[in-house]
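*Asks:* Here's a sequence, model it:
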Amino acid sequence: MPLPKWELATSEAVLCASCGSSNTVRVFPAVLAPAGGPATPEAASEGEAACFDHPSKRAVAACRHCGRFVCRLCAVEFGAEIWCPSCVAAGSGPAAAANPETSRIRYDSVALMVPFAALIFWPLTAIAAPGTVVFALARWSRPLSLVHRSRWRFVAAILVALSECTAWIWGIMYFLRK
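*Replies:* Now for the predicted structure:
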C-alpha cells in the first residue's frame with residue numbers, strides 16, 4: 001500500500017497503514033513536490049539527487065530499468081514509467097518497443113521492378129509475370145513506406161505483368177495455330 005506523502009516528508013520511521021510495519025523511507029525532494037509544477041529544470045541543491053547526464057540539474061525520477069536519476073529534460077515517459085535516454089537508445093527491456101522503425105522494404109517498388117527487369121532476358125517473363133501478380137496482391141495490405149506513398153506502383157506492376165502474361169498467351173496461341 002502506498003505511504004502518504006506527509007509521512008514520507010519525515011526522516012523517521014513510518015508505520016504502514018495496512019500492516020503496521022515500521023519503514024524507514026528516504027526520498028529525494030522531487031517526490032514531495034506538487035504535481036504540475038514548473039517545467040523548467042532547476043539546479044540540484046546540496047543533499048538532493050542530481051541527474052546522471054546533467055549533474056547540475058535536480059533529479060525528478062529514477063529510470064525504471066537501470067535506476068539512474070534523470071532530470072525533467074532526460075525523463076522519457078512510457079505510460080506510468082520513466083526511463084533514461086540510455087536505456088531507450090539501447091532498447092533495454094520494454095523500451096525496445098519505443099525504438100522507431102528506421103527502414104522498410106518497399107514492396108511496391110520491388111513488384112514494379114521485377115517485370116521490367118525480366119524483360120532484359122525475355123524468357124524469364126514467363127515466370128516473373130505471374131509471380132509479380134501474386135506478389136503484388138499478397139503484399140497489397142503491407143505498409144508501403146515510412147513516408148506517405150500511394151499504391152499506384154502495385155497497380156502498374158500488375159498491369160505490366162498481366163500484359164506480359166497476355167503476350168505469352170498470344171505468342172503460344174500464334175505458334176500453335178501455325
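
*Asks:* Give the buried residues for the lengthiest helix in the chain.
*Replies:* Ordering each helix of the chain by length in residues (DSSP state H) puts helix 152-177 first. If you call a residue buried by 16 or more other CB atoms under 10 Å, then helix 152-177 has these buried ones: 153-154, 156-158, 160-161, 164-165, 168. The way it works is simple: take the backbone N, C-alpha and C, and place the C-beta from them, glycine included.

*Asks:* closest to Cys16 among the residues you listed?
*Replies:* Within the buried residues of helix 152-177, the smallest distance to Cys16 is 62.6 Å, found for Phe154 (CB to CB).

*Asks:* Next, the contact list for that closest one, please.
*Replies:* 108, 111-112, 136, 139-140 (CB atoms under 8 Å, 6 or more residues apart in numbering).

*Asks:* from the middle of its chain, how far away would stretch 71-86 be?
*Replies:* Remark: stretch 71-86 is offset 15 Å from the chain centroid, using CA atoms, centre = their mean, to the nearest Å.

*Asks:* What residues sit buried inside that stretch?
*Replies:* So for stretch 71-86, counting by 16+ other CB under 10 Å, buried means 71-72, 74-76, 82-86.
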